[in-house]
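Q: Sequence isn't available, so here's the structure alone:
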């Protein structure tokens, strides 16, 4: 059985809870490791949505193209909000701690065969 098969055989509400718990475990482990990862790229559809949001709400967050450039240059790391009931997980440029302005969600990232397994699993589970 693969790591994802158990999500297809359980009840939907159980699947959701297990998925959220696994995302939190991965996020916490990646955060605590302090690991910095290469920028895997952003999903083109997510990029378009984020650009549209940026045009609708200018100045609200760091412009997405600027954020991507920083991620390409610095790499990325995982942060999460421990105090949030939702246990939100953020991807930020490696030199940032600003989840309000400099973050994107894991679901926006592309997955490739050469990336860290835990980061890849986090991205897949967040979709």
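A: Received it, and whenever you're ready, just let me know what you need. Treat the numbers as computed from the prediction; the structure is a model and nothing was measured.
Q: Would you mark the buried spots in stretch 100-113?
A: Residues 102-104, 106, 108-109, 111 are the ones in stretch 100-113 that count as buried (16 or more other C-beta atoms under 10 Å). For glycine as for every other residue, the C-beta is placed from the backbone atoms N, C-alpha and C.
Q: residues in contact with it?
A: For stretch 100-113, the surrounding residues in contact (C-beta atoms under 8 Å, 6 or more residues apart in numbering) are 23, 40-43, 46-47, 50, 61-62, 64, 67, 70, 78-79, 89-93, 96, 119-120, 122-124, 126-127.
Q: Are any of these buried, and if so which?
A: The neighbour-count test (16+ other C-beta under 10 Å) marks 23, 40, 42-43, 46-47, 50, 61-62, 64, 67, 70, 78-79, 89-93, 96, 119-120, 122-123, 126 as buried among the contacts of stretch 100-113.
Q: mind listing what residue 28 touches?
A: With C-beta under 8 Å, 6+ apart, residue 28 has these contacts: residue 80.
Q: Offset the numbering so it begins at 794, please.
A: Sure thing, new numbering starts at 794, so read that last one as residue 821.
Q: Give me the three-state assignment for it.
A: Recorded secondary structure, residue 821: helix (DSSP: H, G, I helix; E, B strand; the rest coil).
Q: Go ahead and flag the most central residue of the protein.
A: For the chain, the residue sitting closest to the mean C-alpha position, by C-alpha atoms, centre = their mean, is residue 899 at 1.7 Å.
Q: Please name the nearest non-neighbouring residue to that residue.
A: Nearest residue to residue 899 in three dimensions, chain neighbours excluded: residue 919, at 4.2 Å (C-beta to C-beta, 6 or more residues apart in numbering).
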